[in-house]
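S.K.: what follows is a predicted protein model with its sequence.
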Amino acid sequence: MDETRRGYLYGLAAYGIWGLFPIYWKLLKPAGAVEILANRVLWSAVCCALLLAVLRQWRWIADVARSPRTVAKLVTAALLIAVNWGTYIYGVNSGHVVETSLGYFINPLVSIALGVVVLRERLRRPQWIAIAVGVAAVAVITVDYGRPPWIALTLACSFGCYALAKKTLGLPAARGLFAESAVLALPAAGYLAYLAFTGAGTLGTVSAGHTLLLLGAGVVTAIPLLCFASAANRLPLSAIGVLQYVAPILQLGCGLLLFHEPMPPAELIGFVLVWLALAIFTADLVRQHRRTARLVATRTPDPSNA
């Protein structure tokens, strides 16, 4: 199997697992969203620590600790991903799976907007059109909900800002997840200890299966992240840009088909507008990638002419 095909398999595995997360988080009831988040953080740190111990990759921690700027970036990234994870778990377990899928559908558009605001990037016309259509979609859904889609917007903005914070860190997937979860591990462990002391926790009190699922939250967090890292090393950005829609499509399917959440006509119109915006964005992304590839090919000298 060639590396490109292997990359697509890794990418589909990563986004497929992320897309089916609603099923997993639903199984963790009656644990509340914050308790599930605390377990996810703590066991992610343990899982990644074991992986790094096997690989004997510890020296980088001293380098990170000596750089206050890097530590600040890690803390920022950790807080942002905690907001993202917590919002997602809350959305799923409060009956808003469809809205969580909207958050990840509009995430690419939010990332474009952050690039303009924070990085002063200049957008091409199709990107401006995609953002405008996306804003119109959110407006339509706001009217339908009678409120802004706060869960979707929080997911999109927190993950967009998280990606921005991670952009300059340059840590591999396992190291990054360990560092971020380690930042949050102490308060997570403290919260779980508080729940155990007050008798309000569910870890070890519901059933053996439920306890294993809570402990497994770290593994199911780490596996897709490692698959994504492997895919990103083997595939062009345009391919990753298309594959990323697998997750929200599966999330939407879970919400509609498994959990029977409603989708009124106005909300459907909003989603169609989002998909139109994403079609414009993706077509421009693929076109730009092909143009760049052709430009590189024309500038590369032919060895046979040397």
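M.R.: Okay, I see it.
S.K.: compute the number of surrounding residues for the residue nearest to Trp58 when sequence neighbours are not counted.
M.R.: In space, and not counting its chain neighbours, Trp58 is closest to Leu52: 6.4 Å by Cβ to Cβ, 6 or more residues apart in numbering. For the C-beta atoms, the positions are set from N, CA and C on the backbone; glycine is no exception. Leu52 has 16 neighbours, counted by other Cβ atoms under 10 Å.
S.K.: can you give me phi and psi for Leu52?
M.R.: Leu52 adopts backbone torsions of phi -70, psi -30, taken as degrees, to the nearest 10.
S.K.: which ones are touching it?
M.R.: Contacts here follow Cβ atoms under 8 Å, 6 or more residues apart in numbering; on that basis Leu52 touches 58, 174-175, 178.
S.K.: would you mind measuring from it to Leu243?
M.R.: 27 Å (Cβ to Cβ, to the nearest Å).
S.K.: where in this protein is pLDDT low?
M.R.: Residue ranges of the chain with pLDDT under 70: 1, 237-238, 297, 299-306.
S.K.: next, name the residue at the spatial heart of it.
M.R.: Taking Cα atoms, centre = their mean, the centroid of the chain lies closest to Phe159, which sits 6.2 Å from it.
S.K.: how far away is it from Tyr191?
M.R.: To Tyr191, Phe159 is 23 Å away according to Cβ to Cβ.
S.K.: what of Phe281?
M.R.: The spacing between Phe281 and Tyr191, counted by Cβ to Cβ, is 39 Å.
S.K.: tell me which of these two has more neighbours.
M.R.: Neighbour totals were compared for Phe281 and Tyr191, and Phe281 leads with 22 against 18 (other Cβ under 10 Å).
S.K.: name the nearest residue to that one, sequence neighbours excluded.
M.R.: Closest to Phe281 by Cβ to Cβ, 6+ apart is Ala130, at 4.1 Å.
S.K.: what is the helix or strand hosting that neighbour packed up against?
M.R.: Using DSSP states H and E, Ala130 sits in helix 125-145. Applying 3 or more Cβ pairs under 8 Å, 6 or more residues apart in numbering; DSSP states H and E, we find helix 125-145 packed against helix 97-117, helix 150-166, helix 265-299.
S.K.: what's the spacing between stretch 125-141 and its chain's center?
M.R.: Distance of stretch 125-141 from the chain centroid (Cα atoms, centre = their mean, to the nearest Å) equals 21 Å.
S.K.: list the buried residues of that stretch.
M.R.: Using 16 or more other Cβ atoms under 10 Å as the test for burial, stretch 125-141 gives 126-127, 129-131, 133-134, 136-138, 140-141.
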